[in-house]
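Enquirer: got a predicted structure plus its sequence, pasted below:
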Amino acid sequence: MISDPKIQIRNLYKVFGTDPKSALRFVKDGMDKDKLLAEHGHVLGLNDISVDMQVGDITVVMGLSGSGKSTLIRHINRLIEPTDGKILIDGEDALLLGTEKLREKRRSDMSMVFQKFALLPHRTVIDNSALSLEVRGVEREKRKRAAARWLERVGLGGYENHYPYQLSGGMQQRVGIARALTSNSDIMLMDEAFSALDPLIRSDMQKLLLDLHVELKKTIIFITHDLDEALRLANHLVILKDGAVIQQGEPQEILLNPEDPYIEAFVSDINRARVLRVKSIMQKTVSQSIFAGDIDGEDNLESVIARSGGETEHVYRVTKNNEAIGQLEMKDVMRALVPRAASGPRSVA
Amino acid sequence: MAYYDGLFNVLGLRTWCDANAGDSNLSMASLLAKTKPGTADDGPLFPFPSMDELHQACSSMPQSRDFTASVEAGFLEVKDVLKLVLDPLTQPLSWLLEMALTGFVSAPWWIIIPLLLLLVWYVTRSAAVTVFVTLSFVFLGFIDHLDAAFQTLAIIGVCTGICILIGVPVGIAMAKSNTFQKALIPLLDLLQTLPTFVYLIPLIFLFSVTEPKLYGIAIIVYAIVPVIRLTDLGIRLVDRDVIEAANAFGMSPRQKLFGVELPLALPNIMAGVNQTIMMSLAMVVIASLVSAPGLGVLVLRGIRNLELGVGLIAGLGIVLLAIILDRVSKAAIARVSSDQTEA
Amino acid sequence: MKTITKKARHLGLAASTGLALSFAAGSAQASDCGEVSITEMDWGSAIIVTQVAKFLLEQGYGCTVQVVPSASTPALASVSETGEPDIITEVWTNSAPAYIPLKEDGKIKELTEVLSDGGVEGLFIPEYLAEAHPELTTIAGVLANPDLVGNRMHNCPVGWTCQVVASQLAVAGGFEAAGVEDFVHGSGETLAASIGSAYSSQEPWFGYYWSPSTVLGKYPMVQVELGAHDPSVHSCNADKECPNPTLQSWPSSVVTTVVTDTFEASHPAETDLMRNLSFSNKMMNGLLGWQDANKATGEEAAVYFLSSQSDVWATWINDAARENLAALLQ
């Protein structure tokens, strides 16, 4: 580790109910979600979550409804307060911040994009975009200029004086993204930001996000229930179920080595040939000298199969920037196409 | 032989009871018994143990009239303290009403009517409403009801203004605190249903009946409730997602209130203002019972003298004012709402 | 045990009463009185009058009396249009402008002055004020010392005849110029409350009221001398358009009992009773005073009158009624 993680979540618990502290004791003793609800009328939101989010990474938290993913992301800016645990942002415990300091942090260090856009309906697009600067007290002309720049960047140049109700869903979410970008915060929290959009628009937005990420290198926390989206966006993938982390790590790793029958079921429908990349299954040493050809580490297996024309004996050399970084046998490609049975939990990546 | 005699005998209170025997007045029932001995109606088979019923068995028990008398005595006790507190608090209301009334009545019609029409146009931007208002004023002027109409308008204007000034902050406070809301709702119910004269007559004991604040209070107490309720509702109904976004971007409570909550609650608040105006007009006649000038006085005159026409026309004048104010405030609401929703 | 006995007794009485009444109906009265409706206004003397009349009509004449709470103007209007109610009590003719035309049309029959001395209307000051400043008992004294009476004449509400008269008196006497404002109340309730309020703080008060009334029974007031009454100028005072009113006192107000023409024809005996039923001011004030001293209701005051002054009302009823009420007349 060169630097500490940007966000460190340590043993985070959240219980919903009238007396969360006492209900927590049962949870720590091992009571599960259903039993807690039936016997004590409390809902277990988060169960001993520990996640490191590296600076400049897109960390995707994924799970089905009720998994706790929306609850988790809201703990980072304390829209929801935890029952127990620590959240360290840049090394300092966010839970110890007083009201004023918390508000400061929300204004300058964090921004959020919401599933249902959450724009102010009575303000124009540019005023919405400039919101965080307005909250900070930046004067009008300056903040409008900054907002206009970002609106341009997300492709909404010319819509500055429109009102939200005049825009389509996809455009409204672009405003939401522009609003987050205008704040110039290091951390961007995105709560199922693309889930309310139709598939084609969603794909465009994912591409936009990846482009912006390459450009700006912000630390992004992204919530979704869509595995395809998660695999496309994530540098680090965290899978939640019933408030607990089932597995977390590099997405390709999780695909190849699911630790839990739940995840196995989850990934079973994936088009493995399209999603898996050469670099994940290649041998990292070059032991041969005769190759059928060169392939890139980022290529997916589908392209390799197409290239091989059906031959199963080929071996390819894997290069990156014209440098050999490994080799890939077609046998391994075949094997990787079949989902592996769950091998049990391994240490946290 | 009273029904509950046995009760007091059993409790051993007979001597205490009889100490005041003969103190109470002869009742009609006893007189009827004397008139037709033996045919008297014994009354219900099982009378409710009310104060008066128990008093019949035991003369030392207080009667219900003693209860009401003690409430009155209690009020007279605290009257002077109440006066000391309430009088200066409500004095500005008297001044405002007096100023408004003098203003409306002394200014000539060719200044006031154009000013009002300009105001209507500015608020509504609707030609239809402005024309309607013009015609109404022309009609009222033609039948010599203009001065009375202006007086009523002045009173309604001042009272509604104060209702909004006090009501909106109270509504905001209610929206922010569930406890406060729970405490206030029964009070609001009380204000709308308590018969006006029940608290007005005691108020005459506190302030002089010649003070405008008497009818000002009558109107405000009744009419303030809708604007409070709807401000509370409006703010509570603001989209939670928008509030969450405001919090996520670090808005302070003050920034949230003025930048997000009030603008988004405005349609509901305006609906509350509209209702407040309507209810003020509903109180016009009762206000005149406690010396408010205006169309209410004409209505009362018509009722008392059996001049049906006078009463009807003055009443219609009130209705006309109500329609004007309703249309104007509704047009204002529509303008505010259109900024926020699909055209 | 007690309940059962009582219940049996009740049933037995009901049976015997039914028998007795059917006998009585067959023998004493030639015609059944039937249902009679009578108004009850909401001030003290009127309640007593109605309750006394109700008792005598029911117990003496066998009527079933329906008491209708009302006020003069609506009652007169009702009578003129629908012929109901049958009997209207305590009409203060000075205050009911609808009265004269109805009487002239013959729709209502004026029976008698139920307050035989007539009602007293005038301008009053509280007793404590009169004692402290005796000069205020004349109108000249009031106008010379406007501050002592609070710079205001409390006038009756718009729509009452007394308001026109009092305002005309104010014009005739130059009240405004002397510093006494003519303040017209919105309702009778506020007028009464203003007296109560002034009395509770011993403050100055000057204005219109009438006697006999509960208010004057409760708060002793002294009448202000306005000058002898001249009937020829009173009609000008009672007309708000009349340009030259005169400062003088009110005439004694005629307070009457009124029945409909149909009732007079169908119930001659009962009409006679209502014709005879009348109280002097002394009697009525005595009753009102007793009522206030004993914190009694109007009904109880009527009971007091009926049980203690049978010599008075015995002369009002006919022989048949006297028989029915023999138990009380001993």
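Expert: Sure, I can see it.

Enquirer: do you know how far residue C:53 is from chain A?
Expert: 68 Å (C-beta to the nearest C-beta, to the nearest Å). All C-beta spots, glycine's among them, are computed from the backbone N, C-alpha and C.

Enquirer: buried residues in stretch A:254-269?
Expert: A:254-256, A:258-260, A:262-263, A:266-267 (16 or more other C-beta atoms under 10 Å in any protein chain shown).

Enquirer: and chain B, which of the residues you listed contact it?
Expert: When C-beta under 8 Å from any C-beta of the partner chain is applied, no member of those is adjacent to chain B.

Enquirer: and the residues you listed, which is the shakiest by pLDDT?
Expert: Ranked by pLDDT, the buried residues of stretch A:254-269 bottom out at residue A:266, which scores 80.

Enquirer: what packs against the strand or helix carrying that residue?
Expert: Under the criterion of DSSP states H and E, residue A:266 resides in helix A:261-267. The contact analysis (3 or more C-beta pairs under 8 Å, 6 or more residues apart in numbering or on different chains; DSSP states H and E) places helix A:261-267 against strand A:236-241, strand A:244-249, helix A:251-256.

Enquirer: quick one: contacts of that helix?
Expert: Residues from elsewhere that reach helix A:261-267 (C-beta atoms under 8 Å, 6 or more residues apart in numbering or on different chains): A:227, A:239, A:241, A:246-247, A:254-255, A:258, A:339, A:341-342.

Enquirer: what's the burial count for the closest residue to residue C:93 other than its chain neighbours?
Expert: Excluding the flanking residues, the one nearest residue C:93 by C-beta to C-beta, 6 or more residues apart in numbering or on different chains is residue C:254, at 4.7 Å. Neighbour count of residue C:254, defined by other C-beta atoms under 10 Å in any protein chain shown: 16.

Enquirer: residue C:254 against residue C:113, yeah?
Expert: Yes - under the criterion of C-beta atoms under 8 Å, residue C:254 is in contact with residue C:113, at a separation of 5.9 Å.

Enquirer: does the helix or strand where residue B:68 lies reach chain C?
Expert: In the assignment (DSSP H and E), residue B:68 maps to helix B:64-106. Yes - using C-beta under 8 Å from any C-beta, we find that helix B:64-106 touches chain C at B:65-66, B:69, B:76, B:79-80.

Enquirer: one step back: tell me the one among the buried residues of stretch A:254-269 nearest to chain B.
Expert: The shortest approach to chain B among the buried residues of stretch A:254-269 belongs to residue A:266, at 28.5 Å (C-beta to the nearest C-beta).

Enquirer: the stretch 51-200 of chain C: strands as residue ranges?
Expert: C:64-69, C:87-92, C:108-113, C:120-126, C:152-155, C:181-184 (DSSP state E, counting those that start in this stretch).

Enquirer: model confidence for residue B:26, exactly?
Expert: pLDDT recorded at residue B:26 is 79.

Enquirer: my bad, residue C:288
Expert: At residue C:288, pLDDT is 85.

Enquirer: any idea which residue of chain B lies closest to chain C?
Expert: Closest point on chain B to chain C, by C-beta to the nearest C-beta, is residue B:304, at 2.6 Å.
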